[in-house]
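**Student:** fold the following for me, if possible:
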Amino acid sequence: SFTYKKLNGKWYIIDHHSSAMPENEEMAVIEVSKQFARWNAALQTLDPKKVASLYAPGAVLLPTVSNKVRTTREEIEDYFSQFLQLRPNGKINDAMVRLLAPDTAINSGVYTFNLVKDGKPTQVQARYSFTYKKIDDEWYIADHHS
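**Tutor:** Residues are numbered from 1 along each chain as shown. Predicted coordinates for the structure are as follows:
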């Protein structure tokens with residue numbers, strides 16, 4: 001709720017009350033911050049179905065090493081069946097997590113992947129955005145752009 005007061009002909013908010021407890025927001029931000037590690041651990045299994053299972057129904061994937069937009073579970077699995085051949089291991093270099101609603105959050109930043117390409121180790125750095133949606137008390141990736 002908001003309390004307004006008119007001062008010199010202009011309305012100003014002089015008091016604001018929110019039902020959301022700050023500690024709940026902080027806990028949600030911490031939960032969302034852990035989702036990259038969960039996703040990266042799924043990459044380590046080299047199982048595209050395991051990785052794709054972290055994406056919400058109707059999720060959109062705009063991947064790092066493909067220009068094809070992936071919008072179905074099958075397309076997401078297909079992308080990861082190719083990407084996982086590079087044995088990716090990711091690390092976040094810079095992250096900004098924001099809670100948009102109790103069940104929606106964004107994690108944006110820069111990450112680096114260690115990959116094995118043609119038998120040789122290499123690194124790829126990319127910008128990323130994950131949008132997460134909480135479904136049945138579990139965070140899922142609703143949108144992933146890299």
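
**Student:** can you tell me the centre-most residue of the protein?
**Tutor:** The centroid of the chain falls nearest to Phe130 when counting by CA atoms, centre = their mean (2.4 Å).

**Student:** show me where the chain has its helices.
**Tutor:** 22-33, 35-44, 48-52, 73-83 (DSSP state H).

**Student:** most tightly surrounded among those helices?
**Tutor:** Most buried of the helices of the chain, by mean neighbour count (mean count of other CB atoms under 10 Å): helix 48-52, with a mean of 19. Where C-beta positions appear, they are placed from N, C-alpha and C, glycine not excepted.

**Student:** quickly list what Ala101 is bridged to.
**Tutor:** Ala101 has these beta-bridge partners by DSSP bridges: Thr104.

**Student:** measure it to Asp143 for me?
**Tutor:** Relative to Asp143, Ala101 is positioned 14 Å away (CB to CB, to the nearest Å).

**Student:** can you show me the CA trace of the lengthiest strand in the chain as PDB?
**Tutor:** In the chain, taking DSSP state E as the definition, the longest strand is strand 120-135. Listed in PDB are the C-alpha atoms of strand 120-135, where the atom choice follows Å, rounded to 0.1, in the frame of the first residue of the first chain:
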ATOM      1  CA  LYS A 120      42.300 -29.300 -27.600                       C
ATOM      2  CA  PRO A 121      41.200 -27.200 -24.600                       C
ATOM      3  CA  THR A 122      39.800 -23.800 -25.400                       C
ATOM      4  CA  GLN A 123      37.700 -21.200 -23.700                       C
ATOM      5  CA  VAL A 124      34.600 -19.200 -24.800                       C
ATOM      6  CA  GLN A 125      33.400 -16.200 -23.000                       C
ATOM      7  CA  ALA A 126      29.800 -15.000 -23.500                       C
ATOM      8  CA  ARG A 127      27.200 -12.700 -22.100                       C
ATOM      9  CA  TYR A 128      24.100 -14.500 -20.700                       C
ATOM     10  CA  SER A 129      20.700 -14.000 -19.400                       C
ATOM     11  CA  PHE A 130      18.700 -16.700 -17.600                       C
ATOM     12  CA  THR A 131      15.100 -16.000 -16.700                       C
ATOM     13  CA  TYR A 132      13.800 -18.300 -14.100                       C
ATOM     14  CA  LYS A 133      10.200 -19.300 -13.200                       C
ATOM     15  CA  LYS A 134       9.300 -21.100 -10.000                       C
ATOM     16  CA  ILE A 135       7.000 -24.000 -10.700                       C
END
